[in-house]
Structures are given as C-alpha cells and as structure tokens.
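Colleague: Attaching a predicted model along with its sequence, questions to come.
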Amino acid sequence: MGFRRKRAQPALLQGLVRQVYPDRRDRALRLIAAIRAWDTRILERIRKVARPVRVEGATLVVHTTHSTWCQELEAMKSDLLEALLQERGHGIRALKFLVGPMPEIRVEEEVTRKHRAVTELPPELARMLASVEQDELRETVAQAALASLAASERNK
C-alpha cells in the first residue's frame, strides 16, 4: 500500500544550463528594456547627466557625469526605481549609480528624419508571442522585436 511517486519528465540539458548560466542575449534584452524605461519614465534633466550602461543581476548600473549627481540620485533612488517599475520587461529591482563614461546619444537630424515608430507587431508574430506564458519574457521579446522592426524600417 505504498505511494508511488510520479516521475518527472526529463528536462533538456540546454534548459537547465540556461537556468544556471543566463544567456548574454537575455541580459542585452533586459538592458534594452531598462534603457527604454529610463528614456520614457525619467525626467529629461536627469537623463542629461545619468545614463544606464549595464545590468548586473536585477540591478541597473547608471553612469553619471559627476559624484554630486551620484549623491543626488542616490537620495532619489526609491522614486526613480518606482518610475522604472511602471514599465515591464526589464526585471530591474535595484539601481546603482557610478561616475563613469556616458554613452553617446546620437541626435542627428537625419536619424530623427528617418526614424519611423513601429508600435504594432505583425499579427503572426503577436499570435506566436501570445503562446508565451511568462509575462516578463513575452514583454521583453515583444520590445526587442519592435526595436528590430524599427531599425529595419530606418535602414530602408
């Protein structure tokens, strides 16, 4: 009268390795989503002196122009994080401010003129993404696809 334990289905080694060693592409997609959230949710006066540069785990590392800004942003950290959390798909749960090189932002007239916003996914891609169960993953892939579509539009 013993109970038999159900055997778990074998898992692919690739999936187990990804759980232990996240892919660099995952980090890159999270950084793209975090930069997008930063650009849409953070005030322009802050964006001029502080820019996201990398993701370390669930922490977004932000470079600033001066140590004074590091201190100022450290005092505003909870408000900034709350603003970022309004956007989904980046998985950021903490902020770290460092004085460091600021990534250049191209604001050329030609780039602005060529830029065409892509706001909708093609229907077939949207249907495929609907089958992804994890909300955060689905949102990140959708944002990456939109960015890729926008880039291909600009190159036409």
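Modeller: Looks like it arrived, so ask away. Small disclaimer: the values here were computed from a predicted structure and weren't measured.
Colleague: Please, where are all the strands along the chain?
Modeller: For the chain, the strands defined by DSSP state E cover 50-56, 59-64, 94-99.
Colleague: What confidence value was assigned to Ala75?
Modeller: pLDDT, Ala75: 96.
Colleague: which regions of this protein lie under the pLDDT threshold?
Modeller: Within the chain, the ranges that satisfy pLDDT under 70 run 1-8, 10-25, 105-119, 153-156.
Colleague: Please enumerate the helices of it.
Modeller: Using DSSP state H, the helices assigned to the chain run over residues 13-20, 24-41, 44-47, 67-75, 77-84, 109-114, 123-130, 135-154.
Colleague: Kindly reformat the ones you listed as a markdown table and extend each row with distance to Ile92 and mean neighbour count.
Modeller: To be clear about C-beta, it is placed using only N, CA and C from the backbone, and glycine gets the same treatment. Shown next, in a markdown table, are the helices of the chain (distance: least, Cβ to Cβ, whole Å; neighbours: other Cβ atoms under 10 Å):
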| stretch | distance to Ile92 | mean neighbour count |
| --- | --- | --- |
| helix 13-20 | 20 | 9 |
| helix 24-41 | 5 | 17 |
| helix 44-47 | 16 | 12 |
| helix 67-75 | 14 | 14 |
| helix 77-84 | 6 | 15 |
| helix 109-114 | 27 | 9 |
| helix 123-130 | 21 | 11 |
| helix 135-154 | 11 | 15 |
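Colleague: Tell me which of these approaches Leu98 most closely.
Modeller: helix 67-75 (6.8 Å; Cβ to Cβ).
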